[in-house]
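A.B. asks: I would like to see how this sequence folds:
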Amino acid sequence: MTTKTNQNKWSINLTMKESDTGFTTSASKFPQPLGMKRIAAIETNLQIQSSSKNSSKTISSELSTKEKQRAAQIIKKKSNAAMGLATSPGKSVLMNSFMMYMSGSNLNMMSISITSMSILNPIKSILGVNSLFSKFEDPSGKVELQMPKLVFILLNCVMLGVGLYKMSKMRLLPTTSADWSGRIVWKELLESTSVPPM
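C.D. replies: Residues are numbered from 1 along each chain as shown. Predicted coordinates for the structure are as follows:
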C-alpha cells in the first residue's frame, strides 16, 4: 500500500473531467494547440447536429434543393447552347445566297468556288453532327439533343438546296433533256424502201 500512496503522491493526473473544480478556468487559461480550432469546430457541429436532428434534416434538404437547382440550371444552359449551335447555319443562309447571287451565273473561279463551298460545307456539317453536339451530352441523359440535331440538319439541307439551285442556274447540273442526249439510244431501221427520200 505504501508504494501505491507514494506513486499517487508524486503522480499528477492531467486528464480533468467536467465535474472537477477548476475545469473551466484551467481550460480557458491555455490557448488551443495548432489545428485544434478546426477540430473543435467540427466537434461543435457534430454536437449541434446530434442535438437537433430535425434542423439537420432541413439543412440537408436545403442543400439537396440547391444542388437540384444547380443541376437544372446547368441542363438548361446546355440545352440553350445546343439550340444556339443548331440555329447557327440559318444565320448564314441569307449571306451565302447573297454572295452566290452577286457572283453571277457565268463560269469563273469565283462563282465555282463559292458554289462548291456552299455545297461541301453543309455536307460536312451533316456528317459531323454527332461529334459537334458531343460536348453538350449529359451522362444522365437529361439534356435533349434530338431536336437541336434535327434543326441543325434541316438548316444545312436548306443551305444545300440553295447551293444546288445555284448550280442548276449555272448549268452544272443535268436538269434538262439536252443534258442526257449522250445516253439516247438510236433505233436501227429494220425495213428499207425503194422510194427515194425527198
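A.B. asks: Kindly tell me how buried Asn121 is, as a neighbour count.
C.D. replies: Other residues within reach of Asn121 by the criterion other CB atoms under 10 Å amount to 17. All C-beta spots, glycine's among them, are computed from the backbone N, C-alpha and C.
A.B. asks: pretty sure it is in contact with Met159, am I right?
C.D. replies: Yes: assessed by CB atoms under 8 Å, Asn121 is found in contact with Met159 at 7.4 Å.
A.B. asks: now the one residue sitting closest to the centre of the chain: how far from Met99?
C.D. replies: Nearest residue to the geometric centre of the chain (CA atoms, centre = their mean): Phe136, 1.5 Å. Distance, Phe136 to Met99, by CB to CB, to the nearest Å: 30 Å.
A.B. asks: need the strands for the chain, in chain order.
C.D. replies: Assigned by DSSP state E, the strands in the chain number zero.
A.B. asks: which stretches of it have low pLDDT?
C.D. replies: For the chain, the stretches with pLDDT under 70 are 1-9, 12-13, 16, 18, 21-40, 49, 51-63, 198.
A.B. asks: Tell me where it has helices.
C.D. replies: Across the chain, reading from the start of the chain, the helices by DSSP state H fall at 2-10, 23-29, 36-51, 53-86, 88-91, 93-103, 109-127, 129-132, 146-169.
A.B. asks: quick one, which of those helices is nearest to Val195?
C.D. replies: With distances scored as CB to CB, the stretch of the helices of the chain nearest to Val195 is helix 146-169 (45.8 Å).
A.B. asks: Keeping just the C-alphas, turn the closest one into PDB.
C.D. replies: Only the C-alpha atoms of helix 146-169 are listed here, as PDB (Å, rounded to 0.1, in the frame of the first residue of the first chain):
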ATOM      1  CA  GLN A 146     -32.600  15.300 -80.800                       C
ATOM      2  CA  MET A 147     -34.500  18.500 -81.600                       C
ATOM      3  CA  PRO A 148     -31.300  20.600 -81.900                       C
ATOM      4  CA  LYS A 149     -29.800  18.000 -84.200                       C
ATOM      5  CA  LEU A 150     -32.900  17.900 -86.400                       C
ATOM      6  CA  VAL A 151     -32.900  21.700 -86.600                       C
ATOM      7  CA  PHE A 152     -29.200  21.700 -87.500                       C
ATOM      8  CA  ILE A 153     -29.700  19.100 -90.200                       C
ATOM      9  CA  LEU A 154     -32.700  20.900 -91.600                       C
ATOM     10  CA  LEU A 155     -30.900  24.200 -91.900                       C
ATOM     11  CA  ASN A 156     -27.900  22.600 -93.500                       C
ATOM     12  CA  CYS A 157     -30.300  20.900 -96.000                       C
ATOM     13  CA  VAL A 158     -31.800  24.400 -96.800                       C
ATOM     14  CA  MET A 159     -28.200  25.700 -97.400                       C
ATOM     15  CA  LEU A 160     -27.500  22.600 -99.600                       C
ATOM     16  CA  GLY A 161     -30.700  23.300-101.600                       C
ATOM     17  CA  VAL A 162     -29.600  26.900-102.200                       C
ATOM     18  CA  GLY A 163     -26.300  25.700-103.400                       C
ATOM     19  CA  LEU A 164     -27.800  23.100-105.700                       C
ATOM     20  CA  TYR A 165     -30.200  25.700-107.100                       C
ATOM     21  CA  LYS A 166     -27.200  27.900-107.900                       C
ATOM     22  CA  MET A 167     -25.500  25.000-109.700                       C
ATOM     23  CA  SER A 168     -28.600  24.400-111.800                       C
ATOM     24  CA  LYS A 169     -28.700  28.000-112.800                       C
END
